[in-house]
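[1] next come a sequence and a model predicted from it.
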There are 2 protein chains.
Amino acid sequence: MKLSDEQLQQFDELGYVMLPDIFSLDEMAVVNGDLPRIYDMQRDEVWRESSGAVRTAFAAHTYSEPFDLIGRHPRLVEPVQQLLGGKVYIHQYKINAKAAFDGDVWQWHQDFGTWHRDDGMPEPRAMNIALFLDDVTEFNGPLWIIPGSHKEGVLEAGHDLKTTSYPLWTLDNGKIAELANEHGIFSAKGRAGSVLMFHSNIVHASSPNIGPWGRTIVYLSLCHVDNHITRHKRAEWIAHRDFTPIDIANDDCLKELARKAVAAE
Amino acid sequence: MKLSDEQLQQFDELGYVMLPDIFSLDEMAVVNGDLPRIYDMQRDEVWRESSGAVRTAFAAHTYSEPFDLIGRHPRLVEPVQQLLGGKVYIHQYKINAKAAFDGDVWQWHQDFGTWHRDDGMPEPRAMNIALFLDDVTEFNGPLWIIPGSHKEGVLEAGHDLKTTSYPLWTLDNGKIAELANEHGIFSAKGRAGSVLMFHSNIVHASSPNIGPWGRTIVYLSLCHVDNHITRHKRAEWIAHRDFTPIDIANDDCLKELARKAVAAE
């Protein structure tokens, strides 16, 4: 799994690349099959909206076999290694649920801003790769990205503790309007199994989901091993402290897991 | 201004008709020009979000010359008269602002449900015609409609006094999911000057606006004069008690107003 020159150029210019249909629906079914069990868990890692609906399940690779494979999957890890130029470790692992009717807003923010301020990550040599577990449409809270905003560096931000159940360093409305008027907004939609890579300084947000269809996206935040965090203010399951390079799984690992499950029935 | 047979058939089947570019941008400029004055008013009719941003300016035809003309404009009133089969009066007149960053949700609801329960309107011989004062896009809280849902009649609803600053009879999530899975959702987007007509029993909602672009839509709720309301529980400026048929203005009334304004400068 290698990005083409054209994809590398797009990432450089716009700060994101959309990769449609990277995983098959069969592979997604294996992963989705473990979600009900995870969403039922009462543990710190499973963060809820004020409504009680699951907002984010952190560190799912530590308590779910299919999500462990996703976190080590070559189709996700190799393109990031290519872009960051070396071995990476998992800095953060999130399943963001955006439940039907109840999924709340993610305010406008940059991820590296938080990683730098809260976790002491030295440089933006880290990035997100997102996997759509459901079809993402205009009706279930797609990610909105301001193309080119990664070239702004780390923007001023305030620590928003009020808008949602989850604290976030959020950007000024005036700056968002200025950037969006210059660059527009890209809405990242696609079928289940599609992948979105985006720069850690890209400005992004997502709407509340008032629609009747939920959508789950897995976010792997991968960091170059030489650029690991230096402060441990946040919980270990939010900002990991194990900087061991990812041990990449086989490309057919999800199919293999499905075969094992059938054999065990 | 007459709807074609095809448009009448679409309205009957789907419960809505979209009419693009009915007003010119010059005409819209005349109307938009009065918005800052209206949004600055401190009066009961100008309803605010909990953030303080204007949510709705009711009864703007009573305190704004361009909005009076919109409320009597032949391109809006005549198609409604055609569909309802006779003279109509203004039951409700709303400018819905959906401010950038702050515009709040309109939960899933039917309008006739409210008019019937709160205002004692006998039959759904009333309907909405909406005029887009701004471009409406996927990024500023477009109206979402469930096509065909007007055939369900008045659905069960609960009086939601909590979600936003404005009380609303809202529908059950299970019913919304059932209808949307059957019929899909239509997102009503279009350029400024476009018009959307929709049945008073259509199920609809709109998202909060987290984007940097506001969007204002005028909603005329017009009722057949024989079907006027019978209960006066809500304020006069929310549910009007003057059942006089609309005195239709000239087609060029907005251009004329602009000419007068230039001459007076």
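    Looks like it arrived, so ask away.
[2] can we go C-alpha only for contacts and neighbour counts from here?
    Will do.
[3] so how many other residues sit close to residue A:155?
    17 (other Cα atoms under 10 Å in any protein chain shown).
[4] actually residue A:192, not the one I typed
    With other Cα under 10 Å as criterion, residue A:192 counts 23.
[5] quick one: the helices in the stretch 51-200 of chain A, in order.
    Per DSSP state H, counting those that start in this stretch, the stretch 51-200 of chain A carries helices over the ranges A:65-70, A:74-84, A:111-119, A:173-183.
[6] just the buried residues of stretch A:237-244, please?
    A:237-241, A:243 (16 or more other Cα atoms under 10 Å in any protein chain shown).
[7] could you give the mean pLDDT of it?
    Mean per-residue pLDDT for stretch A:237-244: 98.
[8] distance across it, terminal residue to terminal residue?
    Using Cα to Cα, to the nearest Å, the end-to-end distance of stretch A:237-244 comes to 15 Å.
[9] got the contact list for it?
    A:45, A:58-59, A:89-93, A:119, A:225, A:228-229, A:232 (Cα atoms under 8 Å, 6 or more residues apart in numbering or on different chains).
[10] let's have the buried residues of stretch A:237-244 in CSV, adding secondary structure and distance to residue B:195.
    As requested, those are exported to CSV (DSSP: H, G, I helix; E, B strand; the rest coil; distance: Cα to Cα, whole Å):
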residue, secondary structure, distance to residue B:195
A:237, coil, 50
A:238, coil, 48
A:239, coil, 50
A:240, coil, 52
A:241, coil, 56
A:243, coil, 57
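[11] closest to residue B:53 out of those residues?
    Comparing those against residue B:53 with Cα to Cα places residue A:238 closest, at 35.0 Å.
[12] how far away is the closest one from chain B?
    26 Å (Cα to the nearest Cα, to the nearest Å).
[13] what's the answer for residue A:107, then?
    For residue A:107, the distance to chain B (Cα to the nearest Cα) stands at 8 Å.
[14] who does the residue nearest to that residue when sequence neighbours are not counted bridge with?
    In space, and not counting its chain neighbours, residue A:107 is closest to residue A:205: 5.2 Å by Cα to Cα, 6 or more residues apart in numbering or on different chains. Note on residue A:205: beta-bridge partners by DSSP bridges are residue A:144.
[15] give the contact list for the closest residue to residue A:112 other than its chain neighbours.
    Counting by Cα to Cα, 6+ apart, residue A:112 lies nearest to residue A:200, which is 5.0 Å off, once chain neighbours are set aside. The contact partners of residue A:200, by Cα under 8 Å, 6+ apart, come to A:110-112, A:124, A:126-128, A:150.
[16] what is the burial count for the nearest residue to residue A:66 once chain neighbours are set aside?
    Nearest residue to residue A:66, sequence neighbours excluded (Cα to Cα, 6+ apart): residue A:31, at 5.4 Å. By other Cα under 10 Å, the residues close to residue A:31 number 21.
[17] okay, residue A:31: pLDDT?
    97.
[18] which parts of the helix or strand in which it is found are buried?
    Of the helices and strands defined by DSSP states H and E, residue A:31 is found in helix A:25-32. Within helix A:25-32, the residues scored as buried using 16+ other Cα under 10 Å are A:25, A:27-32.
[19] how about stretch A:65-72?
    Buried, per 16+ other Cα under 10 Å, within stretch A:65-72: A:66-72.
[20] can I get it in CSV, CA atoms only?
    Taking C-alpha atoms only, stretch A:65-72 is exported to CSV below (Å, rounded to 0.1, in the frame of the first residue of the first chain):
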residue,chain,number,x,y,z
GLU,A,65,-9.1,-8.2,18.6
PRO,A,66,-10.5,-6.8,15.4
PHE,A,67,-9.7,-3.2,16.5
ASP,A,68,-6.2,-4.4,17.4
LEU,A,69,-5.8,-5.6,13.8
ILE,A,70,-7.1,-2.3,12.5
GLY,A,71,-4.5,-0.4,14.5
ARG,A,72,-1.7,-2.6,12.9
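[21] could you pull up the mean pLDDT of it?
    For stretch A:65-72, the per-residue pLDDT averages 98.
[22] now stretch A:145-158
    Per-residue scores along stretch A:145-158 average to 95.
[23] neighbouring contacts of it?
    Outside stretch A:145-158, the residues touching it (Cα under 8 Å, 6+ apart) are A:13-16, A:109-110, A:112-113, A:169-172, A:179-180, A:183-188, A:199-205.
[24] are any of those buried, and which?
    A:14-16, A:109-110, A:112-113, A:169-171, A:179-180, A:185-188, A:199-205.
[25] quick check: the gap between the residue nearest in space to the middle of chain A and residue A:95.
    Centroid check for chain A by Cα atoms, centre = their mean gives residue A:219 as the closest residue, at 1.9 Å. Separation of residue A:219 from residue A:95 (Cα to Cα): 6 Å.
[26] repeat that for residue A:46.
    For residue A:46 relative to residue A:95 (Cα to Cα), the value is 9 Å.
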